[in-house]
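In: The following comprises the amino acid sequence and a computationally predicted model.
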Amino acid sequence: MRGVTEEAVLDDLPLLDELMPWSVAPLRLGRAWIVAPDARTLRARWERLVAAEGADREALFRPTRARTPGSSVAALPGQRTGTVRLAREPGPCPEPVRLAHGPFDEQWLLPDHRLIDTARPELWRVADDRQLFVVEQGYVPGAAGPALLVTAALPDGRSPAGRPGRIRPLFRRPGGLEPNLAPGLPALLSSRYGYEVDPADLPAWAVAVALPSPAGCRVPLPADGEVWAAGVALGRELVEVQLRGARGGTRPRLPGGRRPYVRAAVPARPIALTYDPDEEVLSLDEGRISPVPAAAWEFEVGGVRMLEQWFAHRTAPAEPGSLEAIGPAGWPQEWTSELLELITVLALLAEREPERAALTARATAAGVTRGALREAGVLPVPVGARRPASVLDHQEEGPEGQFMLL
């Protein structure tokens, strides 16, 4: 439109914060040793911690202002862990749970509230086998990569660079109940497109067309129902790739001739990760994996290459004598399997990027603006839609084994 600047057009695109209004800030773990790429390592670290006493245990624990071995806190919702002060009675090792430790890196976490500085209990209350989490990535000017990611594992919201984004559960209540959407939005879109819009389709659409901006993630809403349907279809495919078989989906696979394989075994303690674009070979010292598409190697989030970050999380040196220094004696076979799958995920997402960019341009050119949402009464979002829903239909154990008064 003549006279309208690109910045003005961008400013009139709805924010994800307006479409999925309930969001939670990233977790603040407080100590690195409670997260590891394998569950065995976490159990070994716990055994080392509880075997120590007094000042030694406190030094291993790494106290912060929020948590010390003497902290008294409630149990995390849905977790059977101790609430007696760690200094007095640690109890058995908490059963590790899957954690989305930043983008594209699923690791394991000790889900003990006594260990985590800020655990965001409201997220744990709605985490079940129906829930998905939409994770907004921190804004980095000019950086390539997706603005939104989706995970079935509880995310910590960690960003590789820039300020952290927000975590937005798909549902406000356990059991897949009450979609986290602006009230009236599905009805408005249904009336515009001439068919019923499923509330669960909006996150898929957002993954397909989201744009980063300094104000937060922008999600253009198309005026055309055919564009919406195409975007939802693409978004569902992108989400299924990111979920890696979770929630009943299929595990991502590249066609036979493009599938990455281990050509030379990964050594016990690889130090360097390098890539040969001519041969499409990823090398972990003398270990070799190919074919690895260049797009997978170059795939970035927040200006950081995902393959390099994944490797660094498993090989970075730790302070001798610390709990972080406890890890596998060698490179576990499951890490190689995870690396092959990560290469596949990044390659599949990268090859759909031109399609995603074209769809975003179509939706942005003619769409439902923030002004139109205000005229329809969808915006501003009611204050209650930004707060957690009341889901406390069971008792939760408070500090020192006492039940909380809810």
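Out: All right, it came through fine.
In: Tell me how far the closest residue to E196 other than its chain neighbours lies from G78.
Out: Among residues not flanking E196 along the chain, S190 sits closest, at 5.1 Å (CB to CB, 6 or more residues apart in numbering). Where C-beta positions appear, they are placed from N, C-alpha and C, glycine not excepted. Relative to G78, S190 is positioned 34 Å away (CB to CB, to the nearest Å).
In: next one: R31
Out: 22 Å.
In: Please enumerate the strands of the stretch 1-150 of the chain.
Out: Here the stretch 1-150 of the chain has its strands, by DSSP state E, counting those that start in this stretch, at 35-36, 97-100, 106-109, 133-136, 148-151.
In: any chance of those strands in JSON lines, plus mean neighbour count?
Out: Shown next, in JSON lines, are the strands of the stretch 1-150 of the chain (neighbours: other CB atoms under 10 Å):
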{"stretch": "strand 35-36", "mean neighbour count": "24"}
{"stretch": "strand 97-100", "mean neighbour count": "20"}
{"stretch": "strand 106-109", "mean neighbour count": "22"}
{"stretch": "strand 133-136", "mean neighbour count": "25"}
{"stretch": "strand 148-151", "mean neighbour count": "24"}
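In: Among those, which comes closest to S72?
Out: strand 106-109 (21.1 Å; CB to CB).
In: Could you check how far the helix or strand L342 falls within is from the centre of its chain?
Out: Secondary structure from DSSP states H and E places L342 in helix 333-351. Computed by CA atoms, centre = their mean, to the nearest Å, the chain-centroid distance of helix 333-351 equals 16 Å.
In: next structured bit after that helix?
Out: Immediately after helix 333-351, counting by DSSP H and E, sits helix 353-365.
In: between that following helix and helix 333-351, how many degrees?
Out: 50 degrees (axes from the mean of the first three to the mean of the last three CA atoms, to 10 degrees).
In: Let me know the average pLDDT across helix 353-365.
Out: Per-residue pLDDT over helix 353-365 has a mean of 94.
In: Point out the other helices and strands that that helix packs with.
Out: The contact analysis (3 or more CB pairs under 8 Å, 6 or more residues apart in numbering; DSSP states H and E) places helix 353-365 against helix 201-209, strand 221-222, helix 225-243.
In: Name the strands paired with the helix or strand just after it and say parallel or antiparallel.
Out: Remark: after helix 353-365, the chain's next helix or strand is strand 367-368, criterion DSSP H and E. Using DSSP bridges, strand 367-368 pairs in its sheet with strand 221-222 (antiparallel).
In: List of residues touching the partner strand?
Out: P14, L189, W205, W228, G231, R362, A363, A366, G367, V368 (CB atoms under 8 Å, 6 or more residues apart in numbering).
In: Between those, which sits nearest R244?
Out: So of the contacts of strand 221-222, ranked by how close each gets to R244 (CB to CB), first place is W205, at 21.0 Å.
In: Give the burial count for the closest one, as a bare number.
Out: 28 (other CB atoms under 10 Å).
In: Tell me how far the residue nearest to A230 when sequence neighbours are not counted lies from L234.
Out: Among residues not flanking A230 along the chain, L359 sits closest, at 6.4 Å (CB to CB, 6+ apart). L359 sits at a distance of 6 Å from L234 (criterion: CB to CB).
In: The two: which is more packed in?
Out: L359 (22 against 19).
In: May I have the residues that are in contact with that one?
Out: Taking CB under 8 Å, 6+ apart, one finds A208, V209, V227, A230, G231, L234 in contact with L359.
In: shouldn't the fifth one be in contact with A210?
Out: Think G231. No. Counting by CB atoms under 8 Å, G231 sits too far from A210 to count as a contact (10.6 Å).
In: R168 against L132, yeah?
Out: No. R168 is beyond contact range of L132, at 9.6 Å (criterion: CB under 8 Å).
In: With neighbour numbers in mind, choose between the two.
Out: Counted by other CB under 10 Å, R168 and L132 do not tie: R168 has more neighbours, with 24 against 21.
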